[in-house]
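> show me how the following folds:
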Amino acid sequence: MIFVAIFGILFSFAIIWIVIRLINNGTLSHLNQDFLGIEKNKPIEVLKERYVKGEITKKQFQGMKKELEK
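All right, here's what the predicted structure looks like:
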């Protein structure tokens, strides 16, 4: 009877470990981002930030934005 309990605990830890490994390797990271509504480094957002900071000109911004929207 005690072996069944020990096996159940070890099995549970193994499942948790596998899920954590998948999340850390990026296999499930997109699910986490979608669930939280987070999108890392979306290209258009980065482009807008660069334009606002003055790193690129309006002409460069429009050209890059047009290229990204293709």
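> next secondary structure after the lowest-mean-pLDDT helix or strand in the chain?
The helix or strand of the chain with the lowest confidence, counting by mean pLDDT, DSSP states H and E, is helix 29-36 at a mean of 53. Next in sequence after helix 29-36, counting helices and strands by DSSP states H and E, comes helix 43-53.
> chain center to the helix or strand in which residue 17 is found: distance?
Assessed by DSSP H and E, residue 17 sits inside helix 2-24. Remark: helix 2-24 is offset 25 Å from the chain centroid, using Cα atoms, centre = their mean, to the nearest Å.
> can I get it in CSV, CA atoms only?
Listed next in CSV are the C-alpha coordinates belonging to helix 2-24 (Å, rounded to 0.1, in the frame of the first residue of the first chain):
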residue,chain,number,x,y,z
ILE,A,2,2.8,2.4,0.9
PHE,A,3,4.4,1.6,-2.5
VAL,A,4,1.3,2.9,-4.3
ALA,A,5,1.5,6.2,-2.4
ILE,A,6,5.2,6.6,-3.1
PHE,A,7,4.7,5.8,-6.7
GLY,A,8,1.8,8.4,-6.9
ILE,A,9,4.0,11.1,-5.4
LEU,A,10,6.9,10.4,-7.6
PHE,A,11,4.6,10.3,-10.7
SER,A,12,3.2,13.7,-9.7
PHE,A,13,6.6,15.2,-9.3
ALA,A,14,7.7,13.8,-12.7
ILE,A,15,4.7,15.4,-14.4
ILE,A,16,5.3,18.7,-12.8
TRP,A,17,9.0,18.6,-13.7
ILE,A,18,8.1,17.8,-17.4
VAL,A,19,5.7,20.7,-17.6
ILE,A,20,8.3,23.1,-16.0
ARG,A,21,10.9,21.9,-18.5
LEU,A,22,8.6,22.5,-21.5
ILE,A,23,7.7,26.0,-20.3
ASN,A,24,11.4,26.9,-19.7
